[in-house]
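>>> sequence-free structure coming up:
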């Protein structure tokens, strides 16, 4: 299920849900909508999966710095 994978990604990276949606598919409400039952089409699922598979963590994420420090 896409939502489950997105939630794991968000926990692992510490990325806010709105930023994820904006970067992955240019839709800051994506995660909220998925949580509320939105059913994405195949193309969107592929774009989200591609983003998660190719995401390179920032320096802050690698060092576990607080977001304010970066």
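Cool, got the structure. Predicted model, so just to flag it, every value in this text is computed and none were measured.
>>> Is the residue most central in space within the chain within a helix or a strand, and which one?
What sits nearest the mean C-alpha location of the chain, by CA atoms, centre = their mean, is residue 20, with 3.5 Å. Per DSSP states H and E: residue 20 is located in helix 17-25.
>>> Can you give the distance from whatever helix or strand comes next after that helix to the centre of its chain?
Sequence-wise, the next helix or strand downstream of helix 17-25 (DSSP H and E) is helix 30-35. The chain centre lies 10 Å from the centre of helix 30-35; the measure is CA atoms, centre = their mean, to the nearest Å.
>>> got the buried residues for helix 30-35?
By 16 or more other CB atoms under 10 Å, the buried positions in helix 30-35 come out as 30-31, 34. C-beta: built from backbone N, CA, C; applies to glycine.
>>> got the residues you listed as a markdown table, with pLDDT columns?
Listed next are these as a markdown table, based on pLDDT from 0 to 100:
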| residue | pLDDT |
| --- | --- |
| 30 | 98 |
| 31 | 98 |
| 34 | 98 |
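>>> Which one of those residues is nearest to residue 46?
residue 30 (13.8 Å; CB to CB).
>>> ok, how many other residues are close to the residue lying closest to the closest one once chain neighbours are set aside?
In space, and not counting its chain neighbours, residue 30 is closest to residue 21: 3.3 Å by CB to CB, 6 or more residues apart in numbering. Here the number of neighbours of residue 21 (other CB atoms under 10 Å) works out to 22.
>>> What residues does residue 21 make contact with?
27-32 (CB atoms under 8 Å, 6 or more residues apart in numbering).
>>> Quick check: the gap between it and residue 42.
In this view, residue 21 and residue 42 are 18 Å apart by CB to CB, to the nearest Å.
>>> got it, and residue 57?
27 Å.
>>> Looking at these two, which is more packed in?
residue 57 (12 against 7).
>>> residue contacts, the closest residue to residue 18 other than its chain neighbours?
Nearest residue to residue 18 in three dimensions, chain neighbours excluded: residue 28, at 4.1 Å (CB to CB, 6+ apart). Contacts for residue 28 (CB under 8 Å, 6+ apart) come out as 18-19, 21-22.
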